[in-house]
Structures are given as C-alpha cells and as structure tokens.
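Enquirer: Could you work out the structure for the sequence below:
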Amino acid sequence: PVLLLDEPTAHLDAAAEARLVAAIARACTGRTTIIATHSARLAAIADRVIDLGDRA
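Expert: Numbers count the residues shown, from 1 in each chain. I've put the predicted structure just below:
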C-alpha cells in the first residue's frame, strides 16, 4: 500500500501538528509513503527527504 499526503499539517497549531505527526508515523509503518510538506517536524520522521528547494 502507498500513502500519499499533501501538506497534511498545514494550518495546524503546534499541539495539533504534534498529534497528527504521531498518527502519521504510526500509519506509515509498513507502507511506502510520499509526503509533500514544509514542516520540519513531519520531515523528521521520514527515512529519506528530497528537498526541491526553489524548484518547487
């Protein structure tokens, strides 16, 4: 199974973001997951990060 998320933590306060990141981390276990994000907290749970920089 593949999980694809586009800015899932956008517009959340810090507490809500932390709860969602924890839930996403659990949901990603055993799945290929692609996440588009600006959140450093969310990127920190990734096995691999591809930074598009100014090209995005």
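Enquirer: Please report how far Leu20 lies from Arg31.
Expert: Leu20 sits 16 Å away from Arg31, going by Cβ to Cβ, to the nearest Å. Quick note: C-beta positions are derived from backbone N, CA and C, even for glycine.
Enquirer: which intervals of the protein have sub-threshold pLDDT?
Expert: 56 (pLDDT under 70).
Enquirer: Which residue lies nearest the spatial centre of it?
Expert: Leu42 (4.2 Å; Cα atoms, centre = their mean).
Enquirer: In the protein, where's the longest helix?
Expert: Criterion DSSP state H: the longest helix present in the chain is helix 14-28.
Enquirer: Name the strands paired with the helix or strand that that one is followed by and say parallel or antiparallel.
Expert: Note on helix 14-28: by DSSP states H and E, the next helix or strand toward the C-terminus is strand 32-36. When pairing is defined by DSSP bridges, strand 32-36 lines up against strand 2-6 (parallel).
Enquirer: and the gap between Ala16 and Ser39?
Expert: For Ala16, the distance to Ser39 equals 12 Å [Cβ to Cβ].
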